[in-house]
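**Student:** generate coordinates for the sequence data below:
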Amino acid sequence: MKALVQMIIYIMIVCTVSTAQTYEIRGRVHTSNPDEGIPFASIVVYRDTANLFGTTTDIDGNFSIKPDQGGLYNVKATCVGFQPIMMKNILIAVDSVAVVDIVMTIGTQLNQIVIREYKVPLIEKEQIIQAPTRDVNSISSQAAGVYQVNESEPMNIRGSRSDANAYYVDGIKVRGSASQIPERKVSDNEEYSLITENQFNNVKRRPLSTFSIDVDAASYSNIRRILTAGMLPPKDAVRIEEMINYFNYEYAQPKDQEPISITTEIGNCSWNPEHKLVKIGLKGRSIEAEKLPPNNLVFLIDVSGSMMDENKLPLIKRSFRLLVQQLRPEDKVSIVVYAGSSGLVLSPTSGKEKELIMQKIDVLQAGGSTAGGEGIQLAYDVAKENFMKDGNNRVILATDGDFNVGVSSDAELVSLIEKKRDMGIFLTVLGFGTGNYKDSKMEGLADKGNGNFAYVDNILEAQKVFVKEMGATLNTIAKDVKLQIEFNPVHVKAYRLVGYENRLLADEDFNDDKKDAGELGSGKTVTALYEIIPAKSKESVDNIDTLKYQKTVSQDQIALNEMMTIKFRYKDPKGSESKLIVHPLLAQDETEQKSSEDFRFASSVAEFGMILRDSKFKGKANFKNILTAARESKGIDTDGYRAEFIKLVETAEIVWKASDNVSVK
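**Tutor:** Predicted coordinates:
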């Protein structure tokens, strides 16, 4: 009996001790609105620096962890699209529950929030109909960690080591063996404006050609990205003028007080020996970096969910770090971000505070939808509040162009930009990423915002834009630059402007100072090529009978030695009235000198563009001729851009031969 009583007492003591030794951390993770719990957030409990326990939040943002002993703990919460947060020194006592309340912010702490409306329903029926998948399994296979070879096969759901191979198709990470990767092609979600190629114009019927300059270079680096990935670019991604103007040319510096010089040259047309080629080159006055006006810059950075890929927000952050390193104490920088809402991350800060500016850039994370219109509005407001009368006031937008919340149509965004450009605040647009890249939208914004447009496909391109060509990128020396060429029918039967299809102007727009046109930066060169059918050619240029009542030009009415007259107008960056410069171009005889290296290189780039576009005017264009001309005209090539072009043409030839395009050898 005594032994039984002792056993019962022992069991009671053990049970009491065992029951008493309970510990628990319980909490909830939510946004600044307590009613918005954050599901599937990762919760890790630390003691000192050791990672002891982990869990994820439920659908309402709740979690519970039961350590095996009491003491002081740190609790870290992380979730894609939200700023990580650490709760330190949480005391867990015996037989008690430590309750923590964790508030997470989107991307980074926002000092200003802009409220926006949701569209209901969020997903339209048409979007589902147009989806590339047709069943639930295939839709599920779009999730990370899920792979499906085709819709008839089962899903493959698996985890992955941090050092495992990752495969990307159209910019989307997928998992599975390399043999399962489908044939690569440019994503259907990428958008480009339709280009209707310029035709030949009969000089007797249309003697004037008028267009706005284009200093953008986005098309070339985007094409490079596509070709390097082993694909041919869509035809409308190929803007030949942007390919030509990606490169600088050795044009003379402006003389006297003029901000722009003009250089012209006539030579043979490499893809059509019966034609001539005229090169018109402009160069903006170079200004030394220390003499550039102070900058009031607003970095407008897209941190929406579509920006998570390595070639988007991570590359943006590295790119802007390069720019920050070039800033001077007199420069000021603000940072605005936008996702589900827009906010001011960094108020105007001197360029000497480089470490602080970089810290604000480094903490940015992607997540949420894309309130692009609100972000642009806020960025302009910040730029206006800190306007520098004698400085360079500019918003620098970095995005993939996928605006899908708020003001999202091209027309609405362009209208918003047009209303702001007269303030003297210019816009630079930088495109990043693949898959849902919206080239057409970004090009339109830059054109209407008195700015330029570049595509950054790697850190070397960021170096080119932000370091090597910083003056041309950020400092405008002439705005609304327009050209008008009058051709002399004594020497020219017909002409065709190579490229610039989306920069054409009506002839009467040339003298209209209210008509917007292109901007030219410090030290920047702009090149335009005209393909000319000589007057003595027997080639037919149209199918229209000779007009009976129109006057013809007699040889005694006009200088016989002039092929054309080039006129261009420009405004000072802060001016409203244009200035006119006139430059006659004399015709050359058959003993003309050998074309310059710049002429031959620009011609080879144009010929390459016509092959990529499969232009009906490509004539005898071929990769062999392009490579020969480019190699012979590479010149000094200090930065290696022309050598890179040669490698790109070699790559394109391989990709072309591997495709079904056999018309060009």
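
**Student:** how's the protein carved up into domains?
**Tutor:** Using automatic domain parsing, the domains assigned to the chain come out as 23-103, 133-180, 201-287+477-539+558-658, 290-467.

**Student:** so which of those is nearest residue 189?
**Tutor:** Set against residue 189 and scored by CB to CB, the domains of the chain come closest in domain 290-467, at 4.5 Å. For glycine as for every other residue, the C-beta is placed from the backbone atoms N, C-alpha and C.

**Student:** would CSV of the domains of the chain with mean neighbour count be doable?
**Tutor:** What follows is the domains of the chain, written out as CSV (neighbours: other CB atoms under 10 Å):
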stretch, mean neighbour count
domain 23-103, 15
domain 133-180, 13
domain 201-287+477-539+558-658, 19
domain 290-467, 21
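
**Student:** could I get the contacting residues of residue 227?
**Tutor:** Residues in contact with residue 227 (CB atoms under 8 Å, 6 or more residues apart in numbering) are 233, 648, 651, 652, 655.

**Student:** is the first one part of a helix or strand, or is it coil?
**Tutor:** This points to residue 233. Here residue 233 is recorded as coil under DSSP: H, G, I helix; E, B strand; the rest coil.

**Student:** OK, contacts around it?
**Tutor:** 186, 222, 223, 226, 227, 612.

**Student:** which residues of the stretch 401-550 of the chain score low on pLDDT?
**Tutor:** 403-413, 550 (pLDDT under 70).

**Student:** for residue 464, helix, strand, or coil?
**Tutor:** Applying three-state DSSP: residue 464 is helix.

**Student:** before we move on, what about residue 348?
**Tutor:** Strictly by three-state DSSP, residue 348 counts as strand.

**Student:** wait, what's in contact with it?
**Tutor:** With the criterion set at CB under 8 Å, 6+ apart, residue 348 makes contact with 296, 332, 333, 334, 382, 386.

**Student:** again, only this time at 10 Å
**Tutor:** 296, 297, 298, 332, 333, 334, 335, 382, 383, 385, 386 (CB atoms under 10 Å, 6 or more residues apart in numbering).

**Student:** would JSON lines of those with distance to residue 76 and pLDDT be doable?
**Tutor:** Listed next are the contacts of residue 348 as JSON lines, based on distance: CB to CB, whole Å; pLDDT from 0 to 100:
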{"residue": "296", "distance to residue 76": "38", "pLDDT": "94"}
{"residue": "297", "distance to residue 76": "34", "pLDDT": "95"}
{"residue": "298", "distance to residue 76": "33", "pLDDT": "95"}
{"residue": "332", "distance to residue 76": "35", "pLDDT": "95"}
{"residue": "333", "distance to residue 76": "31", "pLDDT": "95"}
{"residue": "334", "distance to residue 76": "30", "pLDDT": "95"}
{"residue": "335", "distance to residue 76": "25", "pLDDT": "94"}
{"residue": "382", "distance to residue 76": "33", "pLDDT": "93"}
{"residue": "383", "distance to residue 76": "37", "pLDDT": "92"}
{"residue": "385", "distance to residue 76": "37", "pLDDT": "92"}
{"residue": "386", "distance to residue 76": "37", "pLDDT": "92"}
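
**Student:** so which of those are in helices?
**Tutor:** Of those, the ones assigned to helices by DSSP state H are 382, 383, 385.

**Student:** hmm, the first one is touching residue 344, no?
**Tutor:** Yes: proximity of residue 382 to residue 344 meets the contact threshold set by CB atoms under 10 Å, at 6.4 Å.

**Student:** quick check: neighbours shared by these two?
**Tutor:** Going by CB under 10 Å, 6+ apart, residues that sit against residue 382 and also against residue 344 are 112, 298, 334, 335, 336.

**Student:** and which of the residues you listed is nearest to residue 350?
**Tutor:** Nearest to residue 350 among the shared contacts of residue 382 and residue 344, with distances taken as CB to CB, is residue 334, at 11.4 Å.

**Student:** OK, contacts around the closest one?
**Tutor:** Contacts of residue 334 (CB under 10 Å, 6+ apart): 296-300, 344-349, 357, 360, 378-379, 382-383, 385-386, 395.

**Student:** hang on, residue 576 is in a strand, isn't it?
**Tutor:** No: per three-state DSSP, residue 576 lies outside any strand segment and is coil.

**Student:** in this structure residue 285 contacts residue 525, no?
**Tutor:** No: look at residue 285 against residue 525 with CB under 10 Å: they stay out of range, at 11.6 Å.

**Student:** what touches both of the two?
**Tutor:** Common contacts of residue 285 and residue 525 (CB under 10 Å, 6+ apart): residue 261.

**Student:** ok so, going back, with distance to residue 549 as added columns, please give the domains of the chain in CSV.
**Tutor:** Formatted as CSV, the domains of the chain follow (distance: least, CB to CB, whole Å):
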stretch, distance to residue 549
domain 23-103, 70
domain 133-180, 58
domain 201-287+477-539+558-658, 13
domain 290-467, 40
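
**Student:** least reliable of those domains by average pLDDT, please.
**Tutor:** Ranked on mean pLDDT, the bottom entry among these is domain 133-180, at a mean of 44.

**Student:** in which helix or strand does residue 364 reside?
**Tutor:** Using DSSP states H and E, residue 364 sits in no helix or strand.

**Student:** contacting residues around it?
**Tutor:** Counting by CB under 10 Å, 6+ apart, residue 364 has contacts 83, 107-108, 301-303, 307, 313-314, 316-317, 320, 335, 337, 339, 345.

**Student:** among the residues you listed, which two are most distant?
**Tutor:** Largest pairwise distance in the contacts of residue 364, by CB to CB, is 18.4 Å, between 83 and 320.

**Student:** that older thread, the contacts of residue 227 in helices, which ones?
**Tutor:** Per DSSP H, the subset of these in helices is 648, 651, 652, 655.

**Student:** a helix runs through residue 204, doesn't it?
**Tutor:** No: looking at residue 204 with three-state DSSP, it is coil, so not inside a helix.

**Student:** would you mind measuring from it to residue 487?
**Tutor:** 10 Å (CB to CB, to the nearest Å).

**Student:** now for these two: what residues contact both?
**Tutor:** 493, 494, 535.

**Student:** going by distance to residue 195, which of those residues wins?
**Tutor:** Using CB to CB, residue 494 is the member of the shared contacts of residue 204 and residue 487 that sits closest to residue 195, with 20.6 Å.

**Student:** can you give the strand pairings for the one helix or strand the closest one maps to, parallel or anti for each?
**Tutor:** Secondary structure from DSSP H and E places residue 494 in strand 492-498. Looking at strand 492-498 with DSSP bridges, its partner strands are strand 201-202 (antiparallel), strand 525-534 (antiparallel).

**Student:** starting at the chain centroid, how far to the helix or strand just after it?
**Tutor:** The helix or strand immediately downstream of strand 492-498 is strand 518-521, counting by DSSP H and E. Distance, stretch centre to chain centre, for strand 518-521: 18 Å (CA atoms, centre = their mean, to the nearest Å).

**Student:** all strands for the stretch 201-350 of the chain, in order.
**Tutor:** 201-202, 208-212, 260-268, 276-284, 295-302, 332-338, 342-350 (DSSP state E, counting those that start in this stretch).

**Student:** gap between the shortest one and the chain center?
**Tutor:** Strand 201-202 has its C-alpha centroid displaced from the chain centroid by 36 Å (CA atoms, centre = their mean).

**Student:** what comes into contact with it?
**Tutor:** Residues outside strand 201-202 that contact it (CB under 10 Å, 6+ apart) are 207-209, 487, 489, 492-497, 533, 540-542, 544.

**Student:** nearest to residue 37 among those residues?
**Tutor:** residue 497 (59.0 Å).

**Student:** give the contact list for that closest one.
**Tutor:** 198-201, 209-211, 240-241, 280, 483, 485, 503-504, 528-531.

**Student:** try residue 491
**Tutor:** Here residue 491 is in contact with 203, 276, 532, 534-536, 560-564, 585-588 (criterion: CB under 10 Å, 6+ apart).

**Student:** same check, this time on residue 60
**Tutor:** Neighbours of residue 60 in contact, by CB under 10 Å, 6+ apart: 28, 29, 30, 35, 36, 37, 38, 39.

**Student:** mind checking which of those residues are in strands?
**Tutor:** 28, 29, 30 (DSSP state E).
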